[in-house]
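*Asks:* Got a predicted model here, sequence first, then my questions.
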Amino acid sequence: MARNIDAIQSDIERTREQLAKTLDELSVRTAPKNLADDAKKQATDALSNPKVQLAIGGVVAGLGLIIALTVSSKRNEKKQIKEIQRLLADARS
């Protein structure tokens, strides 16, 4: 049995309304402010996780160690260069 025109039009209108509602929801979800707020919330939630805090602490400690070793190495190089320059100056005189 074929559907009557009123039923078909009713289905089309219901589908249009559902589509409009879905598009409205998508536009709200993808608004730049909402995306930024969601990203901020995710970052805040991640940073409150003790495992993440421990990992960040390890990275910071590792970077601090690398910086300290680099500074120490550069100081040693400068001392060695000055000592070599002094020895060369003594050898010339």
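*Replies:* All right, it came through fine. All of these numbers come straight from a predicted model, not from anything done at the bench.
*Asks:* for the helix or strand harbouring residue 64, packing partners?
*Replies:* For residue 64, the element it lies in under DSSP states H and E is helix 50-92. Packing partners of helix 50-92 (3 or more CB pairs under 8 Å, 6 or more residues apart in numbering; DSSP states H and E): helix 32-47. All C-beta atoms are positioned from the backbone trio N, CA, C, and that covers glycine.
*Asks:* Can you list the buried residues in the helix it packs on?
*Replies:* Neighbour counts over helix 32-47 (16 or more other CB atoms under 10 Å) mark no residue as buried.
*Asks:* could you check the angle helix 50-92 makes with that helix?
*Replies:* Following axes from the mean of the first three to the mean of the last three CA atoms, to 10 degrees, one obtains 80 degrees for the angle between helix 32-47 and helix 50-92.
*Asks:* Could I get the CA-only coordinates of helix 32-47 as CSV?
*Replies:* C-alpha atoms of helix 32-47 as CSV (Å, rounded to 0.1, in the frame of the first residue of the first chain):
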residue,chain,number,x,y,z
PRO,A,32,35.9,28.5,18.4
LYS,A,33,35.2,29.7,21.9
ASN,A,34,33.7,26.3,22.8
LEU,A,35,36.6,24.4,21.2
ALA,A,36,39.0,26.5,23.2
ASP,A,37,37.1,26.0,26.4
ASP,A,38,37.1,22.2,25.8
ALA,A,39,40.8,22.2,25.1
LYS,A,40,41.5,24.2,28.3
LYS,A,41,39.4,21.8,30.3
GLN,A,42,41.1,18.8,28.9
ALA,A,43,44.5,20.3,29.6
THR,A,44,43.5,21.2,33.2
ASP,A,45,42.2,17.7,33.8
ALA,A,46,45.3,16.2,32.4
LEU,A,47,47.6,18.4,34.5
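*Asks:* Distance from the chain centre to it, please.
*Replies:* 11 Å (CA atoms, centre = their mean, to the nearest Å).
*Asks:* Could you do stretch 28-47 as well?
*Replies:* In terms of CA atoms, centre = their mean, the centre of stretch 28-47 is set 12 Å apart from its chain centre.
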